[in-house]
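Novice: predicted structure and sequence below. I'll ask about it afterward.
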Amino acid sequence: MVKRYIIWLLRYRVAVLVVLAGITIIFGVIARQGVVATTFGSILFGDDHAGYNRYKQRIQEFANDGVFIICYPDAAPLSEESISRLEQVVTGIEQIPEVIRIDSLLNAQHTSAGDNTLSVNFYIDEALDNPENTAPLMEALRNDPFYQNLLISEDGSHAAIIVELLPDELMPAERSPAIIESTLASFEQAGFPRENLHRVGFATTIPEIIVQSNMNISRLFPVGCVILLMVVFVMFHRLWPVAITFSVSLVSVIWTFGFSILLDKNINIFDSISPLVILIVATSDIIHLCSAYLLELSRGNSKMTAILRSGTEVGTACFWTSATTFVGFIAMVFVPIPVFKQMGVTLGFGVAVSLLLAMTVSPILFSFMKRPQAETFQDGRSQRLLSQLLFWVEQHTFQAPWKVVTLFGLSFVLALLGIRHLTVETNLNERFDKESLIRRDEAYYNSYFAGANFLEIFLDASDENGVLDPDVFRQIEIFQQEIEALPEIDKVASFVDLIHTIDRAINPEYSADTYSPWTRELLAQYILLFESSGGEDLERFLSFDRRTMRLAARMTDTSTRFSYKIGNNVAAMAATMFDDRIHVETTGLSYLTGGFVDEVVHGQKRGFLFACTTIMLMMIIIFRSFRIGMWSMVPNVLPLLVLGGYLGFFYEYVDSDTFIVALIAIGIGVDDTIHFLSRLRFESARTADSDIALRQTFHFSGRAMVSTTLILVAGFLPFGLSDYFSIRIIGTLLPMTLIVALLADILLVPALVKLRLIRFALKQ
């Protein structure tokens, strides 16, 4: 079938190239419409995650989660000069269309009693009116439950502003970096040095991810191209394989990227690596074809015969290797994260078109070329070294197969021991390099402020009086104190604090150690008094119908598993403290992410099980043997176990994204096994001596296996330059896994053959 296809191609080669060129132009036009952009929801939850949608609904009743914080050093934040500069900053930020609110010391309110009534003033107004009173004002500001460690540092040496943005669905995702830059520019124009500004918050993480996405396309992809082309040249010592490899693989990249934009015009950070991944996969297919073509020519075959034989023998194996790679990539759709689902579909499409284009364009280009001088192909320095390596491996495997099996058995046991220590965590900021700006800013902020990781707690009261019912309010008051007593909680801000602030100001008998005799009338009077005195922001903690109260609990740790655990502890406390009149709901981005980690891991396990099962069935079909199909999975599962063991031994915890490496590796790593065993079956049918068949397999496929693994490792290495962890591990952990897979294929598989655990029928 493959032979007939190649004959048909060569007959209509010009027309086929014209059609392919037209399709490439179409996909190229589509690809140009893509925009590098992403949102927090697409990076983690997606639009169909019930918990995240519920969180957005709840938080937007009171505020918006699209916020970021800029902190800066200021020894005298209430001085006239500082206030003037801050006003200039806020005025500049207000010009940004996507900004809907700015919280700073300019709108920090100070509540006090005066003339038998409540007085609500701004701290800055009192500071400007009474400069001599700045010290006590500063002390009051630092102890204010709504502003301490949020707008002002504990020691009063740093201040911060909080910028609230439009919800994600109302704002173009690609605008995030420009918004952050405009905000920082407003500070600079007011005289704040850029190096003194430090930004934190989820809304600053997304722009940094967009920056990394642009770097993947503009820097890592070109670097990967150069490395791959250099490796191809070193392997062949001639330019035509480089030209064919680059042209065919580049067309595959254009088709794949265009298809990705058809799915979603927003290019996320994983879309941004798909061009280089497809370039690598396509290059490995073409290398197999070029190597086989030269080897057939070196045997004295004519050009047409070499084209047909290389395409038929290697093409069939490439079909199955592409199928297994496709399975590994498509298994990502089991991961409940939108970016991974799209990545799986995109790369699956890319693998398919890479094979199609390699099997279509390569034979046509071979036919247009003059017959290469193939006699010296194996005489080059790199090929001689490769031959010596393969001979050494062959000799040791033939002489001591049990030693090889025992060595890999020990690796298996060690890997299992390491896997027992695996701990999974997800922290978006920790996916960036320790020396990255975002990590340094976070560390700086946490050294002066209490952190920006909040657990959102919503209390819904069913009574007619809502949370203003005296008994309900008292229960909430006690509940808040219990939460604040937890060592994992730094501070809780709520409507309760406002009531205590008012009571402290106007009640001479106020004591923090005793409960006031609350009544509904008194609570309602305090609210009316606060609002009539110019008080603001009540709606951020209390609903208009007075039935829902929001508590914002600031946690001492930023890890998501920690947040999820604390959130569940708070929910358990609420279940024991409240009756049916009060419904308590805990949520928050960090809390939801911590709970979502388990869903992600379960999805990855399902994807891995799907990939392994499907590939095993494919191996059984390919080799028409249940026994061979089962044994062939040993050298492919072992590298993944080694990966897990390595992570367990050397990583304190692993990010949930790490296991995507296993899905990529299982699909790509099995390719060498297929090439080796396919060639072994072919050679076994030619001879009655199993050793000769095995040596011929080493000679023919061993060279291509090492070469393609070198291509894969070299191609993926540039990802190691990324500052983003989920991309960097593709350039570090994936090459390591592929090298282990190669060792298993050239050592363990031949050993299993020598021990007759894997065997094919010999020529009679």
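Specialist: It's in. Numbering: from 1, shown residues only.
Novice: longest helix in the protein, by residue count?
Specialist: Ordering each helix of the chain by length in residues (DSSP state H) puts helix 589-623 first.
Novice: what packs against the helix or strand that it is followed by?
Specialist: Next in sequence after helix 589-623, counting helices and strands by DSSP states H and E, comes helix 626-631. Using 3 or more C-beta pairs under 8 Å, 6 or more residues apart in numbering; DSSP states H and E as the contact test, the elements touching helix 626-631 are helix 589-623. In short, each C-beta sits where N, CA and C put it, glycine included.
Novice: name the helices or strands packed onto the longest helix of the chain?
Specialist: Using 3+ C-beta pairs under 8 Å, 6+ apart: helix 589-623 touches helix 50-59, helix 303-330, strand 424-425, strand 454-461, helix 560-577, helix 626-631, helix 634-650, helix 660-684.
Novice: next one: it to chain centre, how far?
Specialist: Distance of helix 589-623 from its chain centroid, counting by C-alpha atoms, centre = their mean, to the nearest Å, is 16 Å.
Novice: check which residues of that helix are buried.
Specialist: For helix 589-623, the buried set under the neighbour-count rule, 16 or more other C-beta atoms under 10 Å, comprises 589-597, 599-601, 603-604, 607-608, 610-612, 614-616, 618-620, 622-623.
Novice: angle of that helix against helix 660-684?
Specialist: With axes from the mean of the first three to the mean of the last three C-alpha atoms, to 10 degrees defining the directions, helix 589-623 sits at 10 degrees from helix 660-684.
Novice: and helix 589-623, what's its mean pLDDT?
Specialist: Averaged across helix 589-623, the pLDDT comes to 87.
Novice: same question, stretch 479-495
Specialist: 89.
Novice: how about that stretch as CSV, C-alpha atoms only?
Specialist: Output of stretch 479-495 as CSV, limited to C-alpha atoms (Å, rounded to 0.1, in the frame of the first residue of the first chain):
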residue,chain,number,x,y,z
PHE,A,479,-16.4,32.4,64.4
GLN,A,480,-14.1,35.2,63.2
GLN,A,481,-12.1,35.1,66.4
GLU,A,482,-11.7,31.3,66.1
ILE,A,483,-10.4,31.7,62.6
GLU,A,484,-7.9,34.4,63.6
ALA,A,485,-6.7,32.2,66.4
LEU,A,486,-5.5,29.6,63.9
PRO,A,487,-1.7,29.9,63.4
GLU,A,488,-2.1,29.6,59.6
ILE,A,489,-4.2,32.8,59.5
ASP,A,490,-2.6,36.2,59.8
LYS,A,491,-5.8,38.4,59.8
VAL,A,492,-9.5,38.3,59.0
ALA,A,493,-11.2,41.5,57.7
SER,A,494,-15.0,41.7,57.7
PHE,A,495,-18.1,43.7,58.5
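Novice: from residue 643, how far out is residue 407?
Specialist: According to C-beta to C-beta, to the nearest Å, residue 407 stands 18 Å off from residue 643.
Novice: more neighbours, the two?
Specialist: Using other C-beta atoms under 10 Å, the more surrounded residue of residue 407 and residue 643 is residue 643, with 25 against 15.
Novice: before we move on, back to that, let me have the helices and strands packed on helix 589-623 in JSON lines, adding mean pLDDT and distance to residue 749 as columns.
Specialist: Listed next are the helices and strands packed on helix 589-623 as JSON lines, based on pLDDT from 0 to 100; distance: least, C-beta to C-beta, whole Å:
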{"stretch": "helix 50-59", "mean pLDDT": "82", "distance to residue 749": "46"}
{"stretch": "helix 303-330", "mean pLDDT": "84", "distance to residue 749": "15"}
{"stretch": "strand 424-425", "mean pLDDT": "77", "distance to residue 749": "32"}
{"stretch": "strand 454-461", "mean pLDDT": "90", "distance to residue 749": "52"}
{"stretch": "helix 560-577", "mean pLDDT": "90", "distance to residue 749": "40"}
{"stretch": "helix 626-631", "mean pLDDT": "86", "distance to residue 749": "9"}
{"stretch": "helix 634-650", "mean pLDDT": "89", "distance to residue 749": "5"}
{"stretch": "helix 660-684", "mean pLDDT": "83", "distance to residue 749": "6"}
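Novice: quick one: these as JSON lines, columns for distance to residue 16 too.
Specialist: Below are these laid out as JSON lines (distance: least, C-beta to C-beta, whole Å):
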{"stretch": "helix 50-59", "distance to residue 16": "48"}
{"stretch": "helix 303-330", "distance to residue 16": "14"}
{"stretch": "strand 424-425", "distance to residue 16": "48"}
{"stretch": "strand 454-461", "distance to residue 16": "59"}
{"stretch": "helix 560-577", "distance to residue 16": "52"}
{"stretch": "helix 626-631", "distance to residue 16": "36"}
{"stretch": "helix 634-650", "distance to residue 16": "35"}
{"stretch": "helix 660-684", "distance to residue 16": "26"}
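Novice: what's the most buried one of these?
Specialist: Of all the helices and strands packed on helix 589-623, helix 660-684 carries the top mean neighbour count, a mean of 25, counting by mean count of other C-beta atoms under 10 Å.
Novice: any idea which helix or strand comes after that one?
Specialist: Next along the chain after helix 660-684, taking DSSP H and E as the criterion, comes helix 690-697.
Novice: and the helices in the stretch 351-500 of the chain?
Specialist: Using DSSP state H, counting those that start in this stretch, the helices of the stretch 351-500 of the chain run over residues 381-399, 401-419, 437-448, 470-484, 495-506.
Novice: closest to residue 155 out of those?
Specialist: Closest of the helices of the stretch 351-500 of the chain to residue 155 is helix 437-448, at 7.4 Å (criterion: C-beta to C-beta).
Novice: for that closest one, packing partners?
Specialist: Applying 3+ C-beta pairs under 8 Å, 6+ apart, one finds that helix 437-448 contacts strand 67-73, strand 198-200, helix 202-215.
Novice: ranking the ones you listed by burial, who's on top?
Specialist: It is strand 198-200: most buried of these by mean count of other C-beta under 10 Å, with a mean of 24.
Novice: how is the chain carved up into domains?
Specialist: Per automatic domain parsing, the domain ranges recorded for the chain read 1-32+237-370, 61-206, 380-420+596-764, 453-587.
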